[in-house]
Every structure is written in structure tokens, then in C-alpha cells.
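In: With the input below, show me the fold.
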Amino acid sequence: MSVARLRRSARESVSGLPRAFWWLWASTLVNRLGAFVATFMALYLTLERGYSASFAGLVAALHGLGGVVSSLVSGVMADRLGRRPTMLVAQVSTAGSVALLGFMEHPAAIAAVAMLVGMTSNASRPAVQAMMADIVRPEDRVRAFALNYWAINLGFAVSSMAAGLVAEYSYLAGFLGEAALTLLCAVLVFLKLPESRPEEAAGGKADAAGAGGGGIGLGTVLRDGRFMGIVGLSFLISVIYTQGSVGLPVAMGAAGFSPGEYGLVIAVNGVLIVALQLPVTRFIEDRDPRRLLVVSSLLVGYGFALTAFAGPLWSYALAVCVWTLAEIVNAPTQMSLVVRLSPVRGRGRYQGMYTMSWAVASLVAPLMSGFVIDRWGAAWLWASTGVLGTVAAGGYWFLMRGLPEGSGEAGAAPATATAPSSATASAEAAPAGGAVVAPAEV
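Out: Numbers count the residues shown, from 1 in each chain. Next comes the predicted model:
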């Protein structure tokens with residue numbers, strides 16, 4: 001491919017998106033550049049503090065439990081208070097709790113603060129995703145979510161390498177560095193992002209009955225059968241993906257591979273996402289989302305199942321290539337589907353429920369992998385991923401039958417930015433519009 005063609009492809013990938021999106025994208029990248037705790041918590045507890053692997057696992061579980069709790073709460077906050085204040089509260093709280101964690105020494109204090117970190121660090125996600133849906137036109141959302149996912153993985157790849165060097169010098173410096181970058185992220189949100197939450201009624205007055213949610217509560221979300229079905233499918237897919245960080249290292253260790261060799265294999269995932277996310281998204285963005293979700297579910301399930309037949313190191317890397325390709329297709333497609341099926345004035349709550357599916361998976365997946373490997377062996381774990389992928393593919397095929405084109409979008413009045421901003425920024429922050437219909441999504 002010529003340099004001119006590469007430039008044209010890159011320009012097409014980033015063109016046409018509002019300025020507010022790029023500030024939101026930049027805040028995501030900065031946030032992920034500081035991802036120290038999630039990457040090095042286990043090593044910090046076992047090597048630096050001398051605690052057992054069981055205690056490290058307990059702390060990780062509490063961190064995940066915090067995310068489960070905050071997903072729903074922050075989703076409600078994003079609808080009631082607004083996207084911008086929810087992100088600010090979450091990011092400032094994350095910075096404070098991460099810095100505090102670096103100074104904790106008593107096991108109970110470490111466990112409690114780790115749960116607090118899990119709550120605060122997960123709290124901004126529903127608001128970020130809801131704001132992205134507010135400010136990006138429906139036809140550009142797959143591309144926008146792909147760009148955001150690309151920023152997450154690029155930031156994580158850079159932070160993992162930098163954090164490894166920092167950890168050799170001082171774990172405390174890593175905690176404080178993450179706190180500083182999270183505060184910088186909050187500054188970007190405060191200075192550059194206008195509020196994007198849709199107005200509750202004509203003339204900008206909130207509907208008192210809805211209290212910021214247009215009459216949509218968590219009960220509405222739970223009664224939405226199609227949406228909750230897709231949340232369940234998202235959970236299955238998340239359980240499979242999480243095996244890359246819980247089941248795969250255990251299986252490779254049992255097969256005689258070193259931690260460094262596992263690191264090389266899992267690095268293939270990040271490298272491929274950074275290299276292929278944008279061109280693959282350009283290829284899939286106008287294609288049938290049901291087919292994309294079905295195919296990607298099968299690929300991720302059987303990509304992990306290939307691990308059962310892996311022998312040399314390259315064969316493990318090959319399996320990672322297969323399920324990474326599925327991840328590249330699945331992530332932006334599913335996030336765009338969630339927005340498409342969410343009612344405009346309930347996006348925060350819907351995104352909170354969707355985010356919770358991943359948080360619950362982070363609790364279940366380690367328990368699942370440990371139980372299956374200890375009782376029956378790793379081959380059964382990889383066989384189960386193939387089964388879960390097949391079930392998810394069938395579920396997407398069934399639940400997306402008869403899905404109206406542009407569901408959740410047609411006919412609703414556009415939202416306006418409620419925070420003071422220039423006319424240009426307000427126009428960019430307004431969504432393309434959509435109707436509040438009975439939701440049918442994740």
C-alpha cells in the first residue's frame with residue numbers, strides 16, 4: 001500500500017468527528033497512560049509487600065466488586081447529574097484513592113482502599129460512553145468507539161512498559177504517577193468538555209417526574225428483555241476474553257513457559273489492536289452488525305479453544321491472533337449497538353448496566369478458570385470457551401432478529417449542551433437526534 005493511500009485512509013478514519021469527541025478521546029488516552037494499579041497490583045502485593053497469592057486474589061476480587069457496584073450508580077448519576085460532573089467526581093475520586101492506596105500497609109486497609117479504587121476507576125465509564133453517544137452522529141459511532149478503543153489499548157501498551165520500569169524503582173511512584181495523570185484527565189474534562197446530556201423537556205426544563213432520566217429508571221432497563229439478553233451475551237463474551245489474563249498465564253505456566261514468554265504472547269494482542277483497529281473498522285463500519293457479532297463471537301470462542309492444541313510458543317501466539325481479530329470487530333460493534341438500542345434520555349443507566357456485565361465477568365472468570373483447571377485440566381477450560389462463544393453467537397442471531405434500522409434514534413429531538421460553551425462547541429456536543437422508544441438493547 002502506498003504512503004499516499006495510507007495517509008488517505010488515516011484521514012478518512014479521523015475526519016468528520018466533532019471537536020468535543022477528540023477532547024474526550026484525549027482524556028481517555030491520558031487516563032490509560034496512567035494505568036498502573038490494574039497492571040501491577042498482584043506483583044506489588046506479593047513481591048513488594050510479601051502477601052500471599054490468595055490475598056492478592058482477594059484484593060483483585062474486591063477491586064472488581066467495587067466496579068460492579070459503581071457501574072449502576074454512575075449510570076444513574078450520568079442521567080441525573082450529567083455526564084461531565086459524573087466524570088469529574090469519578091476521576092478526582094480515583095486520583096485520591098489511588099494515591100491513598102500507595103500508602104496503605106495493613107491488609108484490611110489495602111483491601112478496603114482497593115475496593116474503593118475499583119469503584120471510582122470504573123465510575124466514569126458509563127458517562128464517557130453516554131457522552132460519546134451524545135456528541136457523535138449515529139453513522140459515525142462505530143468509528144468513534146473504535147478510535148476510543150484504540151486509544152485505550154495504545155495507552156495501556158505504553159503504560160505497561162513505563163510502569164514496569166517505574167516499579168523497579170518505586171511502586172509508590174507508580175501509584176502517585178497514576179493519580180497525577182488521572183487528575184490531568186479531570187482537568188481536560190473540566191476545561192474542554194461541555195455537558196452533553198439531553199434536555200428533559202422543551203425549553204430546557206427538567207422533567208421533575210423523571211428527575212434527570214425522562215421517567216426511565218433501572219426498573220425500565222431490567223424489564224427491557226432484548227437489552228438484558230444482550231447484557232447476558234456481553235457477560236459471556238467478557239468471561240471468554242478475561243481468560244487471556246487469568247486462564248492463559250496459568251495454562252502456559254503449567255506447560256513450562258516462563259512469565260516472560262507469556263508476556264511476549266499476550267503482547268501480540270495489544271500490538272495487533274494498535275495496528276489493525278482502524279483499518280478493520282473502516283472495512284466493517286457499514287456492514288450488518290448482527291453478522292459481525294455472530295462471527296466475532298465464534299472467532300473469540302474458538303480462538304481461545306485453539307489454545308488446547310497449542311504446543312510451541314508460536315502456536316499460543318497464533319491463537320491470540322485469532323481472538324484478537326474477534327475483539328477488534330466485536331468491541332466497537334457491540335458498543336455502537338448498545339447506544340443504538342438505548343433511549344436517548346436513559347443512556348447513562350443503559351451504559352451502566354452494560355458496563356456491569358464486564359465487571360461481573362472480571363469476578364466470575366478467575367473463579368471459573370481456577371475451578372475448571374484444578375478439577376478437569378486446562379483443555380476443558382478451552383473447550384468451554386468454544387461452547388460459550390457458540391452460545392453467544394446463537395444469542396446474537398436470535399435477539400437481533402427484526403431489529404429496526406436506526407432503533408432508538410429516529411425522531412427524537414436533538415440534545416443541547418447545557419454547560420456554557422461557544423456556539424460551535426454546543427453544536428458539536430449535540431447528538432444527531434433520536435426518538436425515545438421502548439429500548440431493546442444492551
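In: Do a quick rundown of the helices in the stretch 251-400 of the chain.
Out: Per DSSP state H, counting those that start in this stretch, the stretch 251-400 of the chain carries helices over the ranges 259-284, 289-305, 313-341, 347-375, 378-399.
In: Which of the ones you listed sits closest to Arg197?
Out: Proximity to Arg197, assessed across the helices of the stretch 251-400 of the chain by CB to CB, is greatest for helix 347-375 (7.9 Å). Just so you know, the C-beta spots here come from the backbone N, C-alpha and C atoms, and that holds for glycine as well.
In: ok now that closest one, how far from the chain's centre?
Out: Chain-centre distance of helix 347-375: 12 Å, with CA atoms, centre = their mean, to the nearest Å.
In: Kindly provide the whole-number mean pLDDT of that helix.
Out: Across helix 347-375, the average pLDDT comes to 83.
In: what is the orientation angle of that helix with helix 313-341?
Out: Interaxial angle, helix 347-375 versus helix 313-341 (axes from the mean of the first three to the mean of the last three CA atoms, to 10 degrees): 150 degrees.
In: Helix 347-375 relative to helix 378-399, how many degrees between them?
Out: Using the same axes, to 10 degrees: helix 347-375 against helix 378-399 is 150 degrees.
In: What residues sit buried inside helix 347-375?
Out: Within helix 347-375, the residues that count as buried by 16 or more other CB atoms under 10 Å are 347-363, 365-366, 368-369, 372-373.
In: Stretch 17-32 now?
Out: With burial defined by 16+ other CB under 10 Å, the residues of stretch 17-32 counted as buried are 17-18, 20-21, 23-32.
In: now do stretch 262-277
Out: Buried residues in stretch 262-277, counted by 16+ other CB under 10 Å: 262, 265-266, 268-270, 272-274, 276-277.
In: now stretch 33-50
Out: Those buried within stretch 33-50 under the rule 16+ other CB under 10 Å are 33-42, 44-45.
In: how far does it sit from the chain's center?
Out: Computed by CA atoms, centre = their mean, the chain-centroid distance of stretch 33-50 equals 21 Å.
In: Ok, stretch 295-302 next?
Out: Remark: stretch 295-302 is offset 19 Å from the chain centroid, using CA atoms, centre = their mean.
In: nearest to Leu88, of the helices of the stretch 251-400 of the chain?
Out: Judging the helices of the stretch 251-400 of the chain by CB to CB, what sits closest to Leu88 is helix 347-375, at 14.6 Å.
In: Endpoint to endpoint, stretch 220-228 covers what distance?
Out: End-to-end span of stretch 220-228 (CA to CA, to the nearest Å): 11 Å.
In: Tell me, please, where in the stretch 251-400 of the chain the pLDDT is lower than the cut-off.
Out: For the stretch 251-400 of the chain, no stretch has pLDDT under 70.
In: got it, and the stretch 51-200 of the chain?
Out: 53, 160-161, 164, 199-200.
In: Show me where it has its helices.
Out: If DSSP H, counting those that start in this stretch is used as the criterion, the helices of the stretch 51-200 of the chain fall at 53-80, 83-101, 107-135, 141-169, 171-192.
In: related to what we said a few turns ago, would you mind putting the helices of the stretch 251-400 of the chain into CSV with distance to Arg84 alongside?
Out: Converted to CSV, the helices of the stretch 251-400 of the chain look like this (distance: least, CB to CB, whole Å):
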stretch, distance to Arg84
helix 259-284, 27
helix 289-305, 29
helix 313-341, 18
helix 347-375, 12
helix 378-399, 33
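In: Tell me how many other residues surround Trp380.
Out: Counted with other CB atoms under 10 Å, the neighbours of Trp380 add up to 12.
In: ok now do the residue nearest to it when sequence neighbours are not counted, which residues does it touch?
Out: The shortest distance from Trp380 to any non-neighbouring residue, by CB to CB, 6 or more residues apart in numbering, is to Val372 (5.4 Å). Residues in contact with Val372 (CB atoms under 8 Å, 6 or more residues apart in numbering) are 378, 380-381, 384.
In: same check, this time on Ser238
Out: Residues counted as contacts of Ser238 (CB under 8 Å, 6+ apart) are 357-358, 360-362, 365.
In: What strand or helix carries it?
Out: Using DSSP states H and E, Ser238 sits within helix 225-242.
In: Let me know the angle separating that helix from helix 347-375.
Out: With the same axes, to 10 degrees defining the directions, helix 225-242 sits at 40 degrees from helix 347-375.
In: still on that earlier bit, do you know which of the helices of the stretch 251-400 of the chain lies nearest Phe55?
Out: Proximity to Phe55, assessed across those by CB to CB, is greatest for helix 347-375 (14.0 Å).
In: neighbours of Gly253, just the number please.
Out: Residues near Gly253, counting by other CB under 10 Å: 13.
In: Check the spacing between it and Ile373 real quick.
Out: Going from Gly253 to Ile373 by CB to CB, to the nearest Å gives 11 Å.
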